[in-house]
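J.: got a predicted structure plus its sequence, pasted below:
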Amino acid sequence: MSKYKLNGINLLTEFFLMAIALSIVLGAIAYEGKQQLVAWVIGFPTIGFLFILIVAELAPGLLKFTRAFGVSEDDAPEQNNAAQMESGTWRRVGIVYGWLVGYFISIFLLGFYLATPIFLIAFLAIESKLKLSRASSVMLVA
């Protein structure tokens, strides 16, 4: 008997998403020419990644080589810092949602073409703590 226990919720979610991705790809067959392109560009990689996730869930031993790319146990937070980590995580989620809402509001008020560079410069200057000139340079290159 193996010590690994299947996670039914993960499998259910992965199969549900696989059904959606397959319906997108198979539905695109009815389209002609370039109309199929977007559905296939989204659908095929999604199906591939979901297949890897399902294989990893059903037979984790088959994907041992991918463990080298994951986070090691040394990087895991200590148990006594769980409450502190939880509050820090929710704070970060709030900041991310604040940036998203701010971006949507700026698009509504300024328009996409004006809001995007202003938002990108502000984000790089505040979150990355770049100087305004460097943030502007990064925005121009991007």
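T.: Received it, and whenever you're ready, just let me know what you need.
J.: packing partners of the helix or strand bottoming out on mean pLDDT in the chain?
T.: Using mean pLDDT, DSSP states H and E, helix 82-110 stands out as the lowest-scoring helix or strand of the chain, at a mean of 82. On a contact count with 3 or more CB pairs under 8 Å, 6 or more residues apart in numbering; DSSP states H and E, helix 82-110 meets helix 112-127. C-betas here are computed from N, CA, C, even on glycine.
J.: got a list of contacts for the helix it packs on?
T.: For helix 112-127, contacts defined as CB atoms under 8 Å, 6 or more residues apart in numbering pick out 99, 102-103, 106-107, 109-110, 130-132, 134-136, 138-139, 142.
J.: go with 7 Å
T.: Contacting residues not belonging to helix 112-127 are listed as 99, 103, 106-107, 130, 132, 135-136, 138-139 [CB atoms under 7 Å, 6 or more residues apart in numbering].
J.: next, give me the two most distant ones among those residues.
T.: By the measure CB to CB, 107 and 130 form the most distant pair in the contacts of helix 112-127, at 22.6 Å.
J.: about what we covered before: just the buried positions in the least confident helix or strand of the chain, please.
T.: 103, 106 (16 or more other CB atoms under 10 Å).
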